[in-house]
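**Q** sequence unknown, structure follows:
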């Protein structure tokens, strides 16, 4: 096939899809911690017991529950597995509808995730299907920050990402890829991985499956 036959990617189209992600509301990150604490206490587990089940430090878990640390999605996925709870319940609540239409201006408020012990923001996200009950996938609009020191994550599940704007830097195992608008990737979350913005912010559609 000649180059002239290959359709070009129109970045303006993707910009139109994403719009501008607004400043995050810290209440949504707080709700994640509260949901984790609520399910942990319902299960009759102490922070020490949850620490032993997940390998996470007690201080980290306490910080998440008290909203001083905003957990990354890989951390939430590990916690959902340990707590025998649906990932969707921890991220954005259980929902009560059989379907959901999410208009561009009506996405659920952003939550943010931070690195290490709650310092640098590494990404922000919108939940796109929070009202659907019993869902097994979690679709998110994620705004990635640059983070050269990103920690590798590994947990149960599968992930699909589609780049909407900017350049996303993906590491999967020993391989690294720069993904541009229109590029996508699908990988098993049991393979070590990380994804960050490169050369500025990047916006992706991410679908998580437990």
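**A** Thanks, I have the structure now. Because the structure is a prediction, the values reported are computed rather than measured. Numbers count the residues shown, from 1 in each chain.
**Q** enumerate every residue touching the nearest residue to residue 71 once chain neighbours are set aside.
**A** For residue 71, ignoring the flanking residues on the chain, the nearest one in space by Cβ to Cβ, 6 or more residues apart in numbering is residue 64 at 5.0 Å. Just so you know, the C-beta spots here come from the backbone N, C-alpha and C atoms, and that holds for glycine as well. Residue 64 sits next to 32, 33, 36, 70, 71, 75 when contact means Cβ atoms under 8 Å, 6 or more residues apart in numbering.
**Q** from residue 133, how far off is the second one?
**A** Remark: distance between residue 33 and residue 133 (Cβ to Cβ, to the nearest Å) = 23 Å.
**Q** among these two, which residue is more densely surrounded?
**A** Here residue 33 and residue 133 are set side by side on neighbour count (other Cβ atoms under 10 Å), and the busier one is residue 33, at 21 against 13.
**Q** where does that one fall, secondary structure wise?
**A** Secondary structure assigned from DSSP states H and E places residue 33 in helix 26-42.
**Q** for residue 95, give me its contacts.
**A** Neighbour list for residue 95: 88, 129, 130, 131, 132, 133, 134, 135 [criterion: Cβ under 8 Å, 6+ apart].
**Q** buried members of those into PyMOL, please.
**A** PyMOL command restricting those to the buried ones, with burial defined by 16 or more other Cβ atoms under 10 Å:
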select buried, resi 88+129+130+131+132+135
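**Q** which one of the contacts of residue 95 is nearest residue 162?
**A** Distance ranking of the contacts of residue 95 against residue 162, using Cβ to Cβ, places residue 129 first at 15.5 Å.
**Q** show me what contacts that closest one?
**A** Residue 129 sits next to 95, 100, 102, 135, 137, 138, 139 when contact means Cβ under 8 Å, 6+ apart.
**Q** helix, strand, or coil at the residue nearest to residue 71?
**A** Each residue gets one of three states, and residue 64 gets helix by DSSP: H, G, I helix; E, B strand; the rest coil.
**Q** part of a helix, is residue 67?
**A** No - counting by three-state DSSP, residue 67 is located in no helix; its state is coil.
**Q** circling back: most neighbours among the contacts of residue 129, which one?
**A** Within the contacts of residue 129, most neighbours by other Cβ under 10 Å means residue 138, with 28 neighbours.
**Q** name the helix or strand for it, please.
**A** In this structure, residue 138 is located in strand 137-144 according to DSSP H and E.
**Q** which secondary structure elements does that strand contact?
**A** Counting contacts by 3 or more Cβ pairs under 8 Å, 6 or more residues apart in numbering; DSSP states H and E, strand 137-144 packs against helix 87-92, strand 121-127, strand 158-172, strand 193-209.
**Q** distance to residue 180 for the ones you listed - can I get that in CSV?
**A** Conversion of these to CSV gives the following (distance: least, Cβ to Cβ, whole Å):
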stretch, distance to residue 180
helix 87-92, 27
strand 121-127, 18
strand 158-172, 6
strand 193-209, 9
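**Q** could those go into JSON lines alongside distance to residue 58 and mean pLDDT?
**A** Conversion of those to JSON lines gives the following (distance: least, Cβ to Cβ, whole Å; pLDDT from 0 to 100):
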{"stretch": "helix 87-92", "distance to residue 58": "19", "mean pLDDT": "80"}
{"stretch": "strand 121-127", "distance to residue 58": "22", "mean pLDDT": "89"}
{"stretch": "strand 158-172", "distance to residue 58": "28", "mean pLDDT": "98"}
{"stretch": "strand 193-209", "distance to residue 58": "25", "mean pLDDT": "96"}
